[in-house]
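K.L.:
sequence and predicted structure are below.
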Amino acid sequence: MKNPFLIGEKVYLRPLEREDAPLFVIWLNDSDVTRTLLVKGPLNRHMEEAFLDDVYTDEHRLILGIVDKLTNSLVGSTSLEQVDFKHRHAKFGIVIGAKNEWGKGYGTEATRLMTQHAFMTLNLNRVWLHVIADNRRGIRAYERVGFKREGLLRQEHFREGRYYDTVAMAILREEWESKKIRP
């Protein structure tokens with residue numbers, strides 16, 4: 001394992017490095033990968049390197065790479081952003097960029113690891129996210145971890161010539177503790 005920060009059964013989470021930029025450029029310019037993300041493109045290597053150079057200077061943001069423990073290969077990233085230490089909540093995000101790794105449970109496990117870190121280490125009370133309503137696999141993964149639907153933002157996101165609804169979801173610390181959800 002290379003510089004592990006959070007360790008699960010299938011994956012570990014580690015800080016991102018500048019040398020990870022080429023993979024993210026490929027992933028974040030792939031319409032199959034970004035179809036369910038709330039990101040804008042295109043992205044070049046210079047932009048991604050600048051992002052990675054700056055990512056760890058903001059105490060209200062934690063972005064980690066998701067690494068397959070067996071192959072030691074980076075497969076995606078996950079984040080807690082807009083961390084509000086006063087009101088004790090943060091926005092969760094995740095992408096599995098390596099399409100050949102989709103459907104293996106890496107996203108669910110990474111979500112559990114980050115949620116546990118949010119509650120047990122950062123002492124947050126609420127972790128929230130927005131997900132495009134037709135991202136059924138993502139929504140199921142979030143629900144497996146304990147996230148609940150809180151609302152619908154109708155026609156909030158425009159992509160591929162049409163508008164998509166966005167589902168607002170969150171998990172509270174008390175819900176996480178009551179389910180004993182662990183990685």
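P.N.:
Perfect, I can see it now. This structure is a prediction, so every number in the text was calculated from the model and none was measured.
K.L.:
could you pull out the strands for the protein?
P.N.:
For the chain, the strands defined by DSSP state E cover 6-7, 11-15, 62-68, 73-84, 89-96, 126-132, 148-159, 162-172.
K.L.:
select the longest helix from the chain.
P.N.:
helix 106-120 (DSSP state H).
K.L.:
for L43, find the nearest of the strands of the chain.
P.N.:
strand 89-96 (12.3 Å; C-beta to C-beta). Using the backbone N, CA and C atoms, a C-beta is placed for each residue, glycine as well.
K.L.:
returning to what we had before: centre of the chain to the longest helix of the chain, how far?
P.N.:
Relative to the chain's own centre, helix 106-120 is displaced by 9 Å; criterion: C-alpha atoms, centre = their mean, to the nearest Å.
K.L.:
now swap in stretch 77-93 and tell me
P.N.:
Stretch 77-93 sits 11 Å away from the centroid of its parent chain (C-alpha atoms, centre = their mean).
K.L.:
could you dump the strands of the chain to TSV with mean neighbour count, mean pLDDT and distance to E48?
P.N.:
Output for the strands of the chain, formatted as TSV (neighbours: other C-beta atoms under 10 Å; pLDDT from 0 to 100; distance: least, C-beta to C-beta, whole Å):
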stretch	mean neighbour count	mean pLDDT	distance to E48
strand 6-7	16	94	23
strand 11-15	22	97	15
strand 62-68	22	97	12
strand 73-84	19	96	11
strand 89-96	21	96	13
strand 126-132	20	97	22
strand 148-159	13	94	21
strand 162-172	17	96	25
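K.L.:
got phi/psi on the residue lying farthest from the centre of the chain?
P.N.:
The C-alpha centroid of the chain is most remote from G161, which lies 25.5 Å away (C-alpha atoms, centre = their mean). Main-chain torsions, G161, degrees, to the nearest 10: phi 80, psi 10.
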